[in-house]
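Got a predicted model here, sequence first, then my questions.
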Amino acid sequence: MSLIVLQFTGWVQVRLATNPDPTDEPRGVSGYTFALPGEPDLDRILRTSNPVAPRTHGPPIGVFVRSVSIDGVLIINHPLVGAQLDLLGNPMFESVNEVMMEQGEEPLEPFDVQIVHGGFRFQRRAFLDPSRPDATVYTVPRALLEPWRAQVSLDTTILQEATGGSDPSAFRRAKLALLQADLKTTTDPIARAGLTRRISELENTDPNDHRTISMEFIESRHYELNGPTALVDPEGLLANLDTFQTFACDVVMGAWDADALSAYYTGTLALPTH
Amino acid sequence: MTATQLGALLERPALPPIRTREALIDELGKAAALEHAILCQYLFAAFSIERTSPALSPADSELARTFMLQLLSIARQEMEHLGIVTNLLIAVGASPNFDRPNLPLQRDYFAVDLPLALMPFGDEFFKITAMLEAPCLDPAAPSPFITSVEAVYSRLRAGIQFLGGPGGPLEQTLFLGAKDPQVSNADFGATPTQIWYSLTLLPVVDLPSALFAIDLIVTQGEGASAHDPDSHYALVRSMKAQWDALTPESRAAMQKPVPHNPLTRERGDVDPNADCVVFRDPRAVALARVANRAYELLLLLLARLYGVNDATPADRDMYRKYAFFPLMTIVVRPLAEILTDLPAGDGQHCATTTFELDGPIRTFPDRNSFQVQLVERLTHLADELAAITRMEGVSPRLGFVAKNMAYVRDRVAAFGAGAP
């Protein structure tokens, strides 16, 4: 029996309204996130690829396998390095203005992992209640929901890893300068209205404001992938995968860029084999 | 003293200064009711703004959003003022006051000559807020009526200083309730002076903290000086200037057809001389009444949060958790927004939230009794919202509110049963 661990990193897009706006607020008013003129409504979906209306000077959206180890030994040039990881089913953060859990700690549901690389495809979902696959955050017993609660901490390690810097205010100042320069050369009224909004938000320099401090938030979530496994593996990269076991997936999200509605996403997926 | 003030004095005697604890408690209770009414005015105006109409240019759409954001921010600071006044009430040994008369307010109700009415965003709204927030030339001048918010706090400040200051009759005993439960920044994990969601909730424990709290309210409202850009007065003036610069078409596109002073039924306690619109559409009436019940429940939770009662620390955490989030965010505001999608039934206007209270906000003394009634009320709200969701022409968004209300009911019931 061996344990194959895929380590992945990348950026995700999350276009969600933030407190105290209602969760289903479509454009953003009193929170610190907004849909800009010309952009579709906010939808709360965490996107690992194919971002909707990505903003200028934001990070490239996409999550990829960066390394593979087997029983703790790093496998150089493993064929799955570079594979794309996606979360299927339009996962959403389900705080619901703290009806469910505090913002930042709330479950992300569904959690359905897909990894694709050439002809290779792996997919498995973590169900809240594997005995009731249709259970949602609203219908599952709290005892089964609590393990989906994120552990939240506050420091700059993820920000440093994601951006190469550890000063959220400096990050925002640099972005502000870029957008101010863009505004000088932008004539389209829709683009100008959007840039003006982004600039006014970035001009908030309060280090304790959510716009800035949330760049240091680190949300850690643990999932047990417990649904049926789908595997297309013509080269036997995951030969002898033990699908009778659950697969542990640990994910860390941080470096939340409220201007770009993007966050750094990193984690591991542990795959036991016979 | 202005000629108007002098003329008024000839008709009626001036309001007496605050010289006893009971007079102070009465005036603090009045201040709480006024702040409460004013925050409703700002919320009402914010919910009347149309910000997604295709008739709005991108720039105007952003301006409409900014207007709404600024109104909601001011409303939150008025909530802060209500919270601080409540802390003052607790500190001097009284119970909280979340009661208030319905709007539009009659002038003689509180001896208040202020325009307290529900006006949609626009010219009339700017007219009344300019009067409300304007700095008072001489807030301490004798008058038979309160003619500015600043005058309310000027009277309170003088009364507190007289009673609790050096040599005052209650110098040693004014702050009888200083150790009783208040709500402050600490309850939300914020530092004492931190501003969170536009709020800074100051505890009141002695004379300096009481005076500081009053000064903060005045500064946020009228400004530390005539040129303070962050005061409500300056913000409203700035909004007014932006509003005046818009074309008539843009202004019209930013306004939902919300009526002045909407009501779900005729009421004897509102100003009989004011224009009011009584809803006739049954869906609007039903939903506005549920919205008012949800708002009332929020107030009942707040009333249990302050002062001495038999609530345990866990109870207080629960009251706070559900009052601030989610009742304010996922119930009161969405219901107000959903209401504007319905007709008022008068052939001219859309419906909106009415912020009516059907009776006094009672303080429940027994935690077990309150827990039972809390679940009952949440059940009624959830059931009634679910029923209205099934009515024809009601926004499907209401289903989301109903679902969350039912979930909150279940969570509160589980809390009562001792479940985590």
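Cool, the structure landed.

how close does the residue in the stretch 1-150 of chain B positioned nearest to chain A get to residue B:110?
Nearest residue of the stretch 1-150 of chain B to chain A, counting by Cβ to the nearest Cβ: residue B:58, 3.7 Å away. Placement of C-beta: from N, CA and C, glycine included. Residue B:58 is 44 Å from residue B:110, where distance means Cβ to Cβ, to the nearest Å.

neighbour count winner among these two?
residue B:110 (23 against 19; other Cβ atoms under 10 Å in any protein chain shown).

Pretty sure that one sits in a strand.
No - counting by DSSP: H, G, I helix; E, B strand; the rest coil, residue B:110 is not found in a strand; it is coil.

Would you enumerate the residues in contact with it?
Residues near residue B:110 by Cβ atoms under 8 Å, 6 or more residues apart in numbering or on different chains: B:30, B:33, B:34, B:101, B:146.

what do you get for residue B:307?
Residues near residue B:307 by Cβ under 8 Å, 6+ apart: B:89, B:90, B:94, B:95, B:96, B:177, B:180, B:181.

Just the buried residues from those residues, in ChimeraX please.
Written as a ChimeraX command, the selection of buried residues from these, which uses 16 or more other Cβ atoms under 10 Å in any protein chain shown, is:
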select /B:89,90,94,95,96,177,180,181
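
quick revisit: which pair of the contacts of residue B:110 spans the longest distance?
Greatest spatial distance among the contacts of residue B:110 (Cβ to Cβ): B:101 and B:146, at 14.2 Å.

Now, the contacts of residue B:307 that are in helices?
B:89, B:90 (DSSP state H).

With respect to residue B:397, which of the contacts of residue B:307 is nearest?
Distances from residue B:397 to the contacts of residue B:307, taken by Cβ to Cβ, are shortest for residue B:96, at 32.8 Å.

Tell me, please, the helix or strand in the chain that averages the lowest pLDDT.
Since no chain was named, I'll use chain A. helix A:210-213 (a mean of 92; mean pLDDT, DSSP states H and E).

Chain B, not that one
helix B:3-11 (a mean of 63).

can you give me how far the helix or strand following it is from the chain middle?
Downstream of helix B:3-11, the next assigned helix or strand under DSSP states H and E is helix B:21-47. Relative to its chain's centre, helix B:21-47 lies at 7 Å (Cα atoms, centre = their mean, to the nearest Å).

go on, stretch B:396-411?
Taking Cα atoms, centre = their mean, one finds the center of stretch B:396-411 at 24 Å from the center of the full chain.

Next one, pLDDT for the closest residue to residue B:261 other than its chain neighbours please.
In space, and not counting its chain neighbours, residue B:261 is closest to residue B:276: 4.2 Å by Cβ to Cβ, 6 or more residues apart in numbering or on different chains. Note on residue B:276: pLDDT of 95.

Residue B:201 now?
87.

Report how many residues lie close to the residue nearest to it when sequence neighbours are not counted.
Among residues not flanking residue B:201 along the chain, residue B:184 sits closest, at 4.7 Å (Cβ to Cβ, 6+ apart). As a burial measure, residue B:184 scores 18 neighbours (other Cβ under 10 Å).

mean confidence for whichever helix or strand comes after the least confident helix or strand of chain A?
Counting by DSSP H and E, the next helix or strand C-terminal to helix A:210-213 is strand A:217-225. The average pLDDT within strand A:217-225 is 97.

Residues of chain A that sit close to chain B?
When proximity is defined as Cβ under 8 Å from any Cβ of the partner chain, chain A approaches chain B at A:19-24, A:26-30, A:34, A:37-38, A:96-100, A:138, A:142, A:146, A:189-190, A:192-194, A:196-197, A:206, A:208.

Tell me the buried residues in the helix or strand containing residue B:411?
Assigned by DSSP H and E, residue B:411 falls within helix B:397-416. Buried residues in helix B:397-416, counted by 16+ other Cβ under 10 Å: B:397-398, B:400-413, B:415-416.

Could I have the CA atoms of it written out in PDB?
Only the C-alpha atoms of helix B:397-416 are listed here, as PDB (Å, rounded to 0.1, in the frame of the first residue of the first chain):
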ATOM      1  CA  ARG B 397     -36.000  35.900  -3.800                       C
ATOM      2  CA  LEU B 398     -38.500  35.700  -1.000                       C
ATOM      3  CA  GLY B 399     -38.100  31.900  -1.000                       C
ATOM      4  CA  PHE B 400     -34.500  32.300   0.000                       C
ATOM      5  CA  VAL B 401     -35.500  34.600   2.900                       C
ATOM      6  CA  ALA B 402     -38.100  32.100   4.000                       C
ATOM      7  CA  LYS B 403     -35.700  29.200   3.800                       C
ATOM      8  CA  ASN B 404     -33.200  31.100   6.000                       C
ATOM      9  CA  MET B 405     -35.800  32.100   8.500                       C
ATOM     10  CA  ALA B 406     -36.800  28.500   8.900                       C
ATOM     11  CA  TYR B 407     -33.200  27.500   9.400                       C
ATOM     12  CA  VAL B 408     -32.700  30.300  12.000                       C
ATOM     13  CA  ARG B 409     -35.800  29.000  13.800                       C
ATOM     14  CA  ASP B 410     -34.400  25.500  13.900                       C
ATOM     15  CA  ARG B 411     -31.100  26.700  15.200                       C
ATOM     16  CA  VAL B 412     -32.700  28.800  17.900                       C
ATOM     17  CA  ALA B 413     -34.900  25.800  18.900                       C
ATOM     18  CA  ALA B 414     -31.800  23.600  19.000                       C
ATOM     19  CA  PHE B 415     -30.100  26.200  21.200                       C
ATOM     20  CA  GLY B 416     -33.000  26.000  23.600                       C
END
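
which helices and strands does it pack with?
Here helix B:397-416 is seen to pack against helix B:313-322, helix B:333-339, helix B:367-389 when contacts are counted using 3 or more Cβ pairs under 8 Å, 6 or more residues apart in numbering or on different chains; DSSP states H and E.

Figure out which of these is closest to residue A:117.
Across the helices and strands packed on helix B:397-416, closest to residue A:117 is helix B:333-339 (Cβ to Cβ), at 43.4 Å.

do that closest one and chain A meet at all?
Yes - legend: contact between helix B:333-339 and chain A by Cβ under 8 Å from any Cβ is shown at B:333, B:334.

now that helix, how far from the chain's geometric center?
Between the centre of helix B:333-339 and the centre of its chain there are 16 Å (Cα atoms, centre = their mean).

average model confidence for that helix?
Per-residue scores along helix B:333-339 average to 97.

what sits up against it?
Here helix B:333-339 makes contact (Cβ under 8 Å, 6+ apart) with A:22, A:24, B:43-44, B:47, B:284, B:287-288, B:290-291, B:294, B:350-353, B:394-395, B:397-398, B:400-401.

Helix, strand, or coil at the residue of chain B most remote from its centre?
Relative to the centre of chain B, the most outlying C-alpha is that of residue B:167, 35.9 Å out, by Cα atoms, centre = their mean. Assigned with three-state DSSP, residue B:167 falls in the coil class.
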